[in-house]
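A.B. asks: Requesting a structural model of the entry that follows:
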Amino acid sequence: MIIRIAVLLAAAAFESACGGTQERPEPRPLRAEASAPAAKRVKAATEEEAEAVAASLRQGSYNKLDYKISAADLVSVTVYEVPEMSRRVRVNASGVIFLPLVGAVHVGGKPLGAAQNLIEKRLSAYVVKPQVSLFIEEYGNRTVSVMGEVQRPGTFPLPAESRMTILEAISAAGGFTPVAAQDKARVLRYVNGTSVKYTIDVRTITRGENKEQDIVLEPNDVVFIPQSLF
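C.D. replies: Residues are numbered from 1 along each chain as shown. A predicted model of the protein is given here:
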């Protein structure tokens with residue numbers, strides 16, 4: 001009888017212990033506590049990319065009249081109703097171009113509008129009310145910018161007689177940092193007044209896959225490498 005009572009008491013104690021365990025509150029998940037730093041990182045990455053887009057837009061505004069002519073630019077000079085005066089000329093290192101009748105004209109450092117007015121003034125001694133139009137066919141300042149998570153962010157010249165791909169541009173910038181999101185590299189390009197964005201997984205290129213994604217860069221492109229958030 002004593003043994004039976006002891007067994008019953010032990011069973012009751014076990015059931016009470018189990019019931020107490022079931023009523024304990026579940027531990028709070030840690031994910032919610034980590035969400036605030038993650039949100040800050042996302043915001044910082046978004047702001048950095050916005051800065052890169054702005055840089056691309058600034059660099060792409062070259063066809064406006066406020067663009068200042070620089071050495072090595074290839075300039076198309078058109079003189080209205082005087083076709084024999086029209087030609088394509090390269091600006092030399094001193095900022096000078098050579099035109100028929102007027103000879104040397106210093107256009108380096110001048111906005112397109114001011115250069116047009118200067119040529120018209122010089123031509124007025126030979127042509128009645130000349131009307132000159134200038135257009136930059138090729139920019140001598142051929143560079144790309146590499147920003148974000150690379151070892152040496154900055155601006156890099158494009159080769160004069162060859163091409164540069166996104167992988168080569170990243171290599172020129174010293175390669176990725178340890179926190180770079182290599183699968184989310186972006187090329188920002190200014191096309192007809194609008195910034196266009198291309199997202200590229202550089203990891204697949206380095207593995208020898210999707211080589212077509214290793215696109216050839218154009219003057220004033222911005223390569224942006226965001227930070228990996230995880």
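A.B. asks: Sort out which residues of stretch 127-141 are buried, please.
C.D. replies: 127, 130, 132, 134, 136, 139-140 (16 or more other Cβ atoms under 10 Å). For the C-beta atoms, the positions are set from N, CA and C on the backbone; glycine is no exception.
A.B. asks: can I get those in CSV with secondary structure, pLDDT and distance to A72?
C.D. replies: Formatted as CSV, the buried residues of stretch 127-141 follow (DSSP: H, G, I helix; E, B strand; the rest coil; pLDDT from 0 to 100; distance: Cβ to Cβ, whole Å):
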residue, secondary structure, pLDDT, distance to A72
V127, coil, 91, 28
P130, coil, 93, 26
V132, strand, 95, 21
L134, strand, 92, 16
I136, strand, 84, 11
Y139, coil, 76, 8
G140, coil, 77, 3
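A.B. asks: Return the member of those nearest to I215.
C.D. replies: Using Cβ to Cβ, Y139 comes nearest to I215 of those, at 19.5 Å.
A.B. asks: Look up phi and psi at that closest one.
C.D. replies: With angles defined as degrees, to the nearest 10, Y139 sits at phi -90, psi 130.
A.B. asks: what do you get for V79?
C.D. replies: Given degrees, to the nearest 10, the pair of backbone angles that V79 has is phi -110, psi 120.
A.B. asks: In contact with the closest residue to it other than its chain neighbours, which residues?
C.D. replies: The spatially closest residue to V79, leaving aside those adjacent along the chain, is M85, at 3.9 Å (Cβ to Cβ, 6 or more residues apart in numbering). By Cβ atoms under 8 Å, 6 or more residues apart in numbering, the residues touching M85 are 77, 79, 99-101, 123, 127.
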